[in-house]
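**Q** could you work out the structure for the sequence below:
(3 chains)
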Amino acid sequence: MTSIVEQKLKTMGIVLPEPAVPAAAYVPYTISGRQVIISGQLPMKDGKPQGVGKVGGEVSVEQAQEIARLCGLNVLAHLKTACGGNLDRVRKCLRLGVFVHSTPEFTEQPKVANGVSEMMLQLFGEAGKHARAAVGVAQLPFGVAVEVEALFEIE
Amino acid sequence: MTSIVEQKLKTMGIVLPEPAVPAAAYVPYTISGRQVIISGQLPMKDGKPQGVGKVGGEVSVEQAQEIARLCGLNVLAHLKTACGGNLDRVRKCLRLGVFVHSTPEFTEQPKVANGVSEMMLQLFGEAGKHARAAVGVAQLPFGVAVEVEALFEIE
Amino acid sequence: MTSIVEQKLKTMGIVLPEPAVPAAAYVPYTISGRQVIISGQLPMKDGKPQGVGKVGGEVSVEQAQEIARLCGLNVLAHLKTACGGNLDRVRKCLRLGVFVHSTPEFTEQPKVANGVSEMMLQLFGEAGKHARAAVGVAQLPFGVAVEVEALFEIE
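**A** Here you go, the predicted structure:
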C-alpha cells in the first residue's frame, strides 16, 4: 500500500532525491520525543549542490524559489527516513528556517521562501501550515542560493 | 477579569498591535505539545513594515532597540492568539532569535536585541528570562532593521 | 565519583571555561521538558571574546575551526550547569546552529562548523550525533568569527 502523501507526491510529479550525505561531521536529523529536527539542507541533486549564486544578483527570485523547493525535497527525503519510510506519520510541519544568500540590497526573502512553503502546504494540507523565519545571509555552504532547515512533529 | 500580564502591559503603556498577517505562505505560529513556535516577526505597525535600513549605517543602536521592541510586540500579539487570548497561560519564554540587519562593521547585535529581551523580562518577570541568539545578517524582508522569532512554553 | 563525560574531557585535555556571563539581558539556557536550549555562545576565554575577524579574510578556516570549538566549550560549560553539574545526564545533542562571520566569498562554513561538531562526536559518541545548520552571516557580536547555539536532550 502506497502512503497518501506518497500518492500526492506522485500527483505533483515529485520524485524525492536520494537522502543527501551531510557535508560534514553531523547527521541529517535527530528525534526528540515527537519532534524531528532536520539539518540545514542545501539544494542537492544527484549528490551535487545546485543553484549557486547571490539572490538579487546572478540568481533571480524565480530561480531562487525553485532552489528553495529543491532544498525542501532534500528535507522531505530525510523526513521520510526519519518516519521509517512512511510520510503519512507526519503530523505537522512546525517550522521552516530559510536562509537566503542575498546581495546587500535584496529584500524579497519571503517570496523566495514561498518556493518551499507552498510545497509543504500543497503536500500536507492543514498539517503543512508552518511557522517560518526567512532571513538574508552573507554566504552559504558551496555558495548555494538557499538553505532550509526544518522541524516536524510525527506520530 | 483582565489577565495579570494584560494589566502589566497597560501599566507599561503598551497596546499590542493587531496580529500581522504573514508576509507569505506560512502561519504566524504553530503549537507542539506545550511549545509555541512563533514565526520571524518584522517591525509591523498598522500593517506596514517600520524601521527600514542597516544598523550601524542609517539606523542607530537606539533606533534599532525600538525596532526590536516593535518586533517583540508583534510576537506578543501572536502569542496572545496562541494562548486563546490569555497571556497568563505563558509559562516561559524559552528562546528569542534576533536577526539584526547589519553593516559589515556593526558588532553591537546584543545591545540591539536587548530592546526586545528587556521587554520580555519586564513583562513576564522570572518567566521572561530566555535563551537567545543574536546575529548580524546581510538583509531582511522589506529591508527592515530587525527580525525576531520566538519559542514559548504555555500551560 | 567523576562522571564518564568528565573523564573523557580530561582524556581529551579539555578544561571547561567558567560559564560566561551573557553579554546582555538574557540567560545562558532555558529548560523545556527534557530539552535544554543553550543561548548563542561566543568564543569567550577568561571572560573575553577571542577570535575576532571575518572568516575567508583575516581568519583562516583552521583558525575558525578552533574558534568554533571554543564556542562549543562555552556551550558545554552552560550545559553542565543545566545538568546540575553532571554531564552524564546528557542523552542527546539534538542540534547545533553555527553562525560563521564570513566574507561575501567564503563558502566553507561546514568545515568551520566541524570544529565544534567533531568535539561533540568525540565527547558524547553516538549521543553526540546532531542535526546542524551552518550559515555565513554578515557580522557577529564583538566581531567574533563564530557563534554557536545548541539544543540538547537530558534525562
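**Q** which residues of chain A lie near chain C?
**A** Chain A has residues A:22-30, A:32-33, A:37-40, A:97, A:99, A:101, A:137-143, A:147, A:149 near chain C, with proximity defined as Cβ under 8 Å from any Cβ of the partner chain. Just so you know, the C-beta spots here come from the backbone N, C-alpha and C atoms, and that holds for glycine as well.
**Q** what about these, which are in strands?
**A** Of the residues of chain A next to chain C, the ones assigned to strands by DSSP state E are A:29-30, A:32, A:37-40, A:97, A:99, A:101, A:137, A:147, A:149.
**Q** need those residues in CSV with neighbour count, distance to A:Val116 and pLDDT, can you?
**A** Putting those into CSV (neighbours: other Cβ atoms under 10 Å in any protein chain shown; distance: Cβ to Cβ, whole Å; pLDDT from 0 to 100) gives the following:
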residue, neighbour count, distance to A:Val116, pLDDT
A:Tyr29, 22, 17, 97
A:Thr30, 22, 21, 97
A:Ser32, 19, 23, 97
A:Ile37, 24, 17, 98
A:Ile38, 25, 12, 98
A:Ser39, 27, 15, 97
A:Gly40, 30, 12, 97
A:Gly97, 23, 11, 98
A:Phe99, 30, 11, 98
A:His101, 32, 15, 97
A:Val137, 26, 16, 96
A:Glu147, 27, 11, 98
A:Glu149, 24, 11, 98
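**Q** can you list those in JSON lines and add distance to A:Pro110?
**A** Formatted as JSON lines, those follow (distance: Cβ to Cβ, whole Å):
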{"residue": "A:Tyr29", "distance to A:Pro110": "26"}
{"residue": "A:Thr30", "distance to A:Pro110": "28"}
{"residue": "A:Ser32", "distance to A:Pro110": "29"}
{"residue": "A:Ile37", "distance to A:Pro110": "23"}
{"residue": "A:Ile38", "distance to A:Pro110": "21"}
{"residue": "A:Ser39", "distance to A:Pro110": "23"}
{"residue": "A:Gly40", "distance to A:Pro110": "19"}
{"residue": "A:Gly97", "distance to A:Pro110": "13"}
{"residue": "A:Phe99", "distance to A:Pro110": "13"}
{"residue": "A:His101", "distance to A:Pro110": "15"}
{"residue": "A:Val137", "distance to A:Pro110": "15"}
{"residue": "A:Glu147", "distance to A:Pro110": "16"}
{"residue": "A:Glu149", "distance to A:Pro110": "17"}
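**Q** quick one: which of these is nearest to chain B?
**A** Nearest to chain B among these, counting by Cβ to the nearest Cβ, is A:Val137 at 5.7 Å.
**Q** verify the assumption that A:Gln7 is located in a helix.
**A** Yes - A:Gln7 forms part of a helix when assessed by DSSP: H, G, I helix; E, B strand; the rest coil.
**Q** and it, how many neighbours?
**A** 11 (other Cβ atoms under 10 Å in any protein chain shown).
**Q** and A:Lys129, by the same measure?
**A** When neighbours are counted by other Cβ under 10 Å, A:Lys129 registers 19.
**Q** state the distance from it to chain C.
**A** Using Cβ to the nearest Cβ, to the nearest Å, A:Lys129 is found at 22 Å from chain C.
**Q** skipping adjacent residues, who's closest to that residue in space?
**A** Nearest non-adjacent residue to A:Lys129, counting by Cβ to Cβ, 6 or more residues apart in numbering or on different chains: B:Val27, 4.6 Å away.
**Q** the spatially most central residue of chain A: which element?
**A** Central residue of chain A (Cα atoms, centre = their mean): A:Gly72, 2.2 Å from the mean position. Under the criterion of DSSP states H and E, A:Gly72 resides in helix A:61-82.
**Q** for that helix, which positions count as buried?
**A** A:61, A:63-80, A:82 (16 or more other Cβ atoms under 10 Å in any protein chain shown).
**Q** which helices and strands does that helix pack with?
**A** The elements that helix A:61-82 packs onto, with contact taken as 3 or more Cβ pairs under 8 Å, 6 or more residues apart in numbering or on different chains; DSSP states H and E, are strand A:29-32, strand A:35-41, strand A:44-45, strand A:90-101, helix A:109-124, strand A:146-154.
**Q** direction included, what does the third one pair up with?
**A** Read that as strand A:44-45. strand A:48-49 (antiparallel) (DSSP bridges).
**Q** which residues of chain A lie near chain B?
**A** Taking Cβ under 8 Å from any Cβ, the part of chain A that reaches chain B is made up of A:33-35, A:92-96, A:102-111, A:113-114, A:117-118, A:121, A:129-138, A:151, A:153.
**Q** and those residues, which are buried?
**A** Counted by 16+ other Cβ under 10 Å, the residues of chain A next to chain B give A:35, A:92-96, A:102-104, A:106-111, A:113-114, A:117-118, A:121, A:129-138, A:151, A:153 as buried.
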